[in-house]
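*Asks:* build me a model from this:
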Amino acid sequence: MNDADRLNLLESAKQLQEEGRILMGNLMSVDQLAEYLQVHRNTVFNLMRRDKMPAFKLGSVYRFRKSEIDAWIDSKHQVLTPDPNLRPYE
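*Replies:* Purely as a prediction, here's the structure:
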C-alpha cells in the first residue's frame, strides 16, 4: 500500500466517523445502542433506570461500551429448559 492509498483510506475512515457510522473505541450513543438492541430509544432509557444498564455520561450525553453491554446482556441471559413433568398444551 503506497502513501496515496493510505491517505485515501484515512480520509474515508474520517468521513465515516463524521457521519457516525464508525463507533470510536466501541462507544455507542443511545440511538446506536437502540439500533444494536433492536429496541426503541425510550426502552434504552428505561433499561438504564430499572436494570442498571452500564452507561456513563460524556458531557451531557450518555455513552455505552459495547463490551460492557454484551457482558450485561450475558448476565441477564437465562437458558430455559422445558420441565419434563409438564404436559404440552392440548
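*Asks:* which parts of the chain are helices?
*Replies:* 3-18, 30-37, 41-51, 66-76 (DSSP state H).
*Asks:* any idea what F64 is bridged to?
*Replies:* M28 (DSSP bridges).
*Asks:* and it, how far from Q78?
*Replies:* According to C-beta to C-beta, to the nearest Å, F64 stands 22 Å off from Q78. C-beta coordinates here come from the backbone N, C-alpha and C atoms, glycine included.
*Asks:* the two - which one has more neighbours?
*Replies:* F64 (24 against 5; other C-beta atoms under 10 Å).
*Asks:* right, and that one touches A34 too?
*Replies:* No - here F64 lies out of contact with A34, judged by C-beta atoms under 8 Å, at a distance of 10.2 Å.
*Asks:* which residue, neighbours along the chain excluded, lies closest to the most centrally placed residue in the chain?
*Replies:* Taking C-alpha atoms, centre = their mean as the criterion, L33 is the residue nearest the geometric centre of the chain, at 3.9 Å. Spatial nearest neighbour of L33, excluding adjacent residues (C-beta to C-beta, 6 or more residues apart in numbering): F64 at 4.9 Å.
*Asks:* so what's the one you found up against?
*Replies:* Residues near F64 by C-beta atoms under 8 Å, 6 or more residues apart in numbering: 27-30, 33, 53-55.
*Asks:* let me see the confidence value for it.
*Replies:* For F64, the pLDDT comes out at 94.
*Asks:* ditto for the one 4 residues further on
*Replies:* Looking at E68, its pLDDT is 93.
*Asks:* just use 4 as the starting number from now, easier for me
*Replies:* New numbering, starting at 4: the last item is E71.
*Asks:* the residue nearest to it when sequence neighbours are not counted - how many residues pack around it?
*Replies:* Of all residues not flanking E71 in the chain, P57 sits nearest, at 4.1 Å (C-beta to C-beta, 6+ apart). Residues near P57, counting by other C-beta under 10 Å, number 13.
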